[in-house]
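> with the input below, show me the fold.
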Amino acid sequence: MQNKNKTVVRSMDILNLFLDRFKLSMNEIVQLSGIPKTSVHRMIGSLEDMGFLHKDKDGYYSLGLLFLQFGNLVAERLDIRRIALPVMEKLRDDIGNAVHLVLRDGQECIYIEKLDTNHPVRLFTKIGKKAPLYAGASSRTILAFMPDDERERYVDEIELLPISSGTMTDKDALRASLELTRRRGYSFSRSELEDYTAELSAPIFDHTGQIIAALSSAALEVQFGEENLPELIHQVRQAAAEISRRLGCNETRSFG
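Predicted structure coming up:
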């Protein structure tokens, strides 16, 4: 028990009782756990309030739906790199730019996969790199498709600090950009995380239709010329839609 919080450990002991039992009464939890009834009552109340336990009309407890949410999230995050990789490889070969797979990590995004290009001048990005949700096309794609209240709360509370010469530091401009991303189905950024670079990103949705990741193509700004940008947008959006389909997303979204 050294260096472990006693309440947390006891709470886990209670939750572990449900690994092979569908539901339990308060008295059964006390008997099986060996924890004093007053402590069990207090901890169960907290676990129920947080959604880890559910109490039915007969007073029996079972695991809450929050575990289903966590379980799906863990499963998808473990699988998404494997599922996305062949699509990313084809996209990289088709467009000749580096391709990234990005997930949300709290108030940041994190790059979990990167495929380099054979171009002699390459961007220095690496797996594990993080960026705030307001900066860069991938980050803003994730932010744009988050639930409305969560997105607006983030924008209200965050301080927009400049990272590079093109980083957005005006909240009205950020909100307008997020609305444009939702309408068009992609985000494009120039010199927001690193000068003279550009990133084009599209959303990836899970089987529930919720944003789970962003797919992006990144390169030097000069490689995103006006003449080839429409085709790049089409290819990145199509690749992101294919990954979404492979993740079980059957929802068809219409972007302008």
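
> show the pLDDT at Ser33.
For Ser33, the pLDDT comes out at 93.

> how many residues are close by it?
Neighbour count for Ser33, taken as other CB atoms under 10 Å: 17. For glycine as for every other residue, the C-beta is placed from the backbone atoms N, C-alpha and C.

> make sure it is actually in contact with Leu15.
No - the criterion here is CB atoms under 8 Å, and Ser33 misses it with Leu15 at 10.2 Å.

> the helices in the stretch 101-250 of the chain, which residues?
Taking DSSP state H, counting those that start in this stretch, the helices of the stretch 101-250 of the chain run over residues 137-144, 148-157, 171-184, 229-246.

> low-confidence ranges in the stretch 151-256 of the chain?
For the stretch 151-256 of the chain, the stretches with pLDDT under 70 are 252, 254, 256.

> swap the cut-off to 80 and go again
Residues of the stretch 151-256 of the chain meeting the criterion pLDDT under 80: 251-256.

> the residue lying farthest from the centre of the chain: what secondary structure?
Using CA atoms, centre = their mean, the residue of the chain lying farthest from its centre is Gln31. It sits 40.3 Å away. At Gln31 the chain is in helix, as set by DSSP: H, G, I helix; E, B strand; the rest coil.

> that one: what's it in contact with?
Listed by CB atoms under 8 Å, 6 or more residues apart in numbering, the contact set of Gln31 is empty.

> flag every buried residue along the biggest helix by length in the chain.
Looking across the chain with DSSP state H, the single longest helix is helix 66-95. Going by neighbour count (16 or more other CB atoms under 10 Å), the buried part of helix 66-95 is Glu76, Ile80, Ile83, Ala84, Val87, Met88, Leu91, Arg92, Ile95.

> same check on stretch 217-234?
Residues of stretch 217-234 classed as buried by neighbour count (16+ other CB under 10 Å): Ser217, Ala218, Ala219, Gln223, Phe224, Leu232, Ile233.

> of the residues you listed, closest to Pro132?
Closest approach to Pro132 among those (CB to CB): Ala218, at 16.6 Å.

> can you report how many residues lie near the closest residue in space to the closest one that isn't next to it in sequence?
Using CB to CB, 6 or more residues apart in numbering and skipping residues adjacent in sequence, the residue nearest Ala218 is Glu199, 4.4 Å away. For Glu199, the count of nearby residues is 33 (other CB under 10 Å).

> can you check Arg153 too?
By other CB under 10 Å, the residues close to Arg153 number 12.

> separation between it and Ala214?
From Arg153 across to Ala214, the span is 20 Å (CB to CB, to the nearest Å).

> which residue packs closest to the residue most central in space within the chain, ignoring adjacent ones?
Nearest to the geometric centre of the chain sits Arg104, at 3.3 Å (CA atoms, centre = their mean). With sequence-adjacent residues excluded and distances taken as CB to CB, 6+ apart, Arg104 is closest to Ile142, at 5.1 Å.
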